[in-house]
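*Asks:* Generate a structure from the sequence data that follows.
(chains A and B)
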Amino acid sequence: MTLPDLNGRVAWIFHEDNFDVDQIVGVKNIKLTDIGELAHVAMTSYDPEFAKVVRPGDLIIGGRNFGYGHPHYPPMKVMRHFGIQAVIAESFSPGFWRGEISMGFPLVACPGILEAVERWHQLTVVWQEGLVRNKTTGHELKMEPLSMADYKMLQCGGLIPYLKASLAEGARL
Amino acid sequence: MGSTITEKILAEVAGKSIVKPGDEIMARPDFVHSYDFPGYTDAFFREMKDEFGLEAPPAPERFALFIDHLYPPQAPKEEDLHIITRDWAGRQGIPLFEHRGIGHQVAAEVGYAVPGRFIVHFDGHISQLGAFGMLALGLRRNVLEAFVREKISIQVPATTKVNLQGRIPRGVLARDIFHSILAQFGPSFCRFQVLEIGGPAVSELSMASRQTICGLAMFTGATTAIVNPDDCTDSALSQIELRLKPRRVQSDADAHYSQQFDLDLDSLEPLVVAPPNPANVHAIHDFEGLEINVGYIGSCASGRLEDLRVAADILKDRKVKQSFQLYIVPTSRLIMQKADDEGILGALIKAGAFITSPSCDYCFGHIGTMTAGQKAISTGTLNVPGRMGSPDSEIYLASPASVAAAAVEGQIVDPRRFL
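*Replies:* Have a look, this model is predicted:
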């Protein structure tokens, strides 16, 4: 079974290297747990209209070493609440990568992505071919392949279902 | 072509003769460590039972638990968490270490830091045990895998080597060396790789200094750091009863590294890492004169005997400036005892430092919490806004010498003036 393609619009581009995802909600709001309150403050320092213009299935684009620092869970929790279905970045910080993949949230490491997209472009992530296709421009980029374990974790929808499936099949590797 | 120490350790625990970067293997950790923290251990215990029907983890003799966060408890729910941990450890017969100090340090003191062995934790700062020539990985929540099956899936990481050259100048400490690595090679130069610290000058580094440098590896993007065992390692280990037999492995001379860099120690100077992130490294001169309210010497990345010793050297016969809060938290009870034997604690107390028994809680502002507008100089692990209290307070990371010097002046100063 392969992962289904992801189709979505570029809802926002974080150009900076070493982007600290806590900035999405602002450090002052990092301890908020109520999703409504988080949605009210998220992205407001980048685009005050973000909550209104974002749609389920949208994508976020990032630069190099995306997720650096000490990422907390609320920023990506609210992004999922908005319907963001994946982050595509030049590269990811390992701690962030592990944390999100283990929740079954797709991350796509795709060198060259910053140069290749603009806000609201339509993209398709074709896992089977290892490609990110910009449907607006026709441009295609290669993604970095996922490890087998990460791929399965996304397939299963996170760490616990992955471990259950893996235990059931006797962990053949 | 030869192998790195990391590849040799992973080959052994995967039951293979050789592994290469990128290989996906099933590896059996020799040890599985955790401290209790809400959403981690309590969740693991619950998930083991509810999701996997497991009462006990596989091969429980490999496990150990530590109580070092939320300690001493400040609210009933914190003590409730510790009770869950004590109950679980008691039922499984798993060793539990509490009021002994910060787990990553205590682990080494009680014999879990065994060269050639493989240890996992959820916390990435476990990398400091790489100082002893073991492979220590922080897996975040993925460590749950080790609680439900004996072997865990690992992708063999590539290794980047930093070769230390020259001699360590006066007034430059392990923190400055790590911050120099970060400043020179960047916050992602080692992404998803192992940082191997080597080169002729590695012999200049004490075990404590190696622990400090290895423990901060995550800020280079590394999954862990490691030092090949040498005479210094052997000498440290000779005083400890180890929990497993060491495996004498070393990186081969012809091992393949994805990158190699040299760090010239002679040219180093004291540094500070300014807000808002651990990569914002500057010469201390850039911030000299900046008024500071709080100083903290402690955490798993400092607070060891050599750190307390240098602080005492600076503070002996001097006073902490009026209204400056200097928190000194030895990393373990054993370190605290030794510091007492050497007269270090007495000198620090006399100077006006506030000294407490070991706890992780100062590092993340759970104790000694700062309010808006305050500034700390700290040997804690991290300086992101809000880490030590108000998001409108600021944290400047520096060596314990720089913290002690700032405590005297109430501002950032070059510690070399005091040494």
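*Asks:* CA only for contacts and neighbour counts going forward, please
*Replies:* Noted.
*Asks:* three-state assignment of residue A:164?
*Replies:* Secondary structure, DSSP: H, G, I helix; E, B strand; the rest coil: residue A:164 is helix.
*Asks:* quick one: contacts for it?
*Replies:* Residue A:164 makes contact with residue B:52 under the criterion CA atoms under 8 Å, 6 or more residues apart in numbering or on different chains.
*Asks:* So it versus residue B:278, what's the distance?
*Replies:* 37 Å (CA to CA, to the nearest Å).
*Asks:* Up against chain B, what does chain A have?
*Replies:* By CA under 8 Å from any CA of the partner chain, the part of chain A that sits against chain B consists of A:18, A:27-28, A:65, A:69-70, A:93-95, A:98-99, A:102, A:147-149, A:159-160, A:163-164, A:167, A:173.
*Asks:* Would you mind giving me the PyMOL syntax to select the buried ones in the residues you listed?
*Replies:* Written as a PyMOL command, the selection of buried residues from these, which uses 16 or more other CA atoms under 10 Å in any protein chain shown, is:
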select buried, chain A and resi 18+27+65+69+70+93+94+95+98+99+102+149+159+160+163+164
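*Asks:* Which members of the residues of chain A next to chain B occur in helices, if any?
*Replies:* A:94, A:95, A:98, A:99, A:148, A:149, A:159, A:160, A:163, A:164, A:167 (DSSP state H).
*Asks:* Tell me the one among the residues you listed nearest to chain B.
*Replies:* residue A:94 (5.9 Å; CA to the nearest CA).
*Asks:* Nearest spatial neighbour of the closest one, chain-adjacent residues omitted?
*Replies:* residue B:192 (5.9 Å; CA to CA, 6 or more residues apart in numbering or on different chains).
*Asks:* Next, count neighbours for the one you found.
*Replies:* Residue B:192: 23 surrounding residues under other CA atoms under 10 Å in any protein chain shown.
*Asks:* Spell out the residue ranges of the strands in chain A.
*Replies:* A:6-14, A:59-62, A:86-89, A:107-109, A:122-126, A:131-134, A:140-142 (DSSP state E).
*Asks:* Looking at those, which is nearest to residue B:156?
*Replies:* strand A:107-109 (18.5 Å; CA to CA).
*Asks:* And the closest residue to residue B:281 other than its chain neighbours, how far from residue B:55?
*Replies:* Distances taken as CA to CA, 6+ apart place residue B:273 nearest to residue B:281, at 4.3 Å, with adjacent residues excluded. Residue B:273 sits 45 Å away from residue B:55, going by CA to CA.
*Asks:* do residue B:354 as well
*Replies:* 43 Å.
*Asks:* related to what we said a few turns ago, could you save the strands of chain A as a markdown table and add columns showing mean neighbour count?
*Replies:* Shown next, in a markdown table, are the strands of chain A (neighbours: other CA atoms under 10 Å in any protein chain shown):
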| stretch | mean neighbour count |
| --- | --- |
| strand A:6-14 | 20 |
| strand A:59-62 | 24 |
| strand A:86-89 | 24 |
| strand A:107-109 | 24 |
| strand A:122-126 | 20 |
| strand A:131-134 | 22 |
| strand A:140-142 | 17 |
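*Asks:* Out of those, flag the one nearest residue A:22.
*Replies:* strand A:6-14 (12.6 Å).
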